[in-house]
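Student: quick check, what structure comes out for this input:
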Amino acid sequence: MRRNRRMTYRPSKSQAVFGGVVGILFVLIGLFVAIPTFGPFGILWTLIAVGITGMNFYQAFGKSYVGPEIRIEEDGAEEQTCASASPQARLEQLRALYDQRLITQEEYEQKRKEILNEL
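Tutor: Next comes the predicted model:
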């Protein structure tokens, strides 16, 4: 069974203000450099910069702005732990760890003895 949790994310005010200030710089570059030099591309540049700037300031100061929704899916069933797994499964998992060189031979032997002593 999977449970969904919904969360909303709102960027910090300082992050949004910084984005707005950078956006203003890009608008100015568009007005004084891009439009006179590149014509239609400069107009497009400036309009995009205005949109980005407006959105950043709306995120910083807009009272009704909530932020994008993030859905987190959690597994409702508990995963089987090592302790509740069968000794055979635990030994196979232990051997896989050893074969992958994730544990030393000493660690392998010690844990193997522990599992066998539980029988």
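Student: could you pull out the strands for the chain?
Tutor: Secondary structure of the chain (DSSP state E): strands at 2-8, 69-75.
Student: mean confidence score for the last one?
Tutor: Per-region confidence: strand 69-75 scores 69 on mean pLDDT.
Student: and what of stretch 50-60?
Tutor: Here stretch 50-60 scores 93 as its mean pLDDT.
Student: show me how far that stretch is from its chain's centre.
Tutor: The chain centroid and the centroid of stretch 50-60 are separated by 23 Å, computed with C-alpha atoms, centre = their mean, to the nearest Å.
Student: renumber starting at 50 from here on
Tutor: All right, first residue 50 from here; so that's stretch 99-109.
Student: which parts of it are buried?
Tutor: Within stretch 99-109, the residues that count as buried by 16 or more other C-beta atoms under 10 Å are 99, 101-102, 104-106, 108-109. Just so you know, the C-beta spots here come from the backbone N, C-alpha and C atoms, and that holds for glycine as well.
Student: who touches it?
Tutor: For stretch 99-109, the external contacting residues (C-beta atoms under 8 Å, 6 or more residues apart in numbering) are 59-60, 62, 65-66, 68-69, 72-73, 75-76, 114, 116.
Student: can you pull up the most central residue in this protein?
Tutor: Centroid check for the chain by C-alpha atoms, centre = their mean gives residue 119 as the closest residue, at 10.3 Å.
Student: hey, what's it bridged with?
Tutor: Residues in a beta bridge with residue 119, per DSSP bridges, are residue 56.
Student: contact partners for it?
Tutor: Taking C-beta under 8 Å, 6+ apart, we find residue 119 in contact with 55-58.
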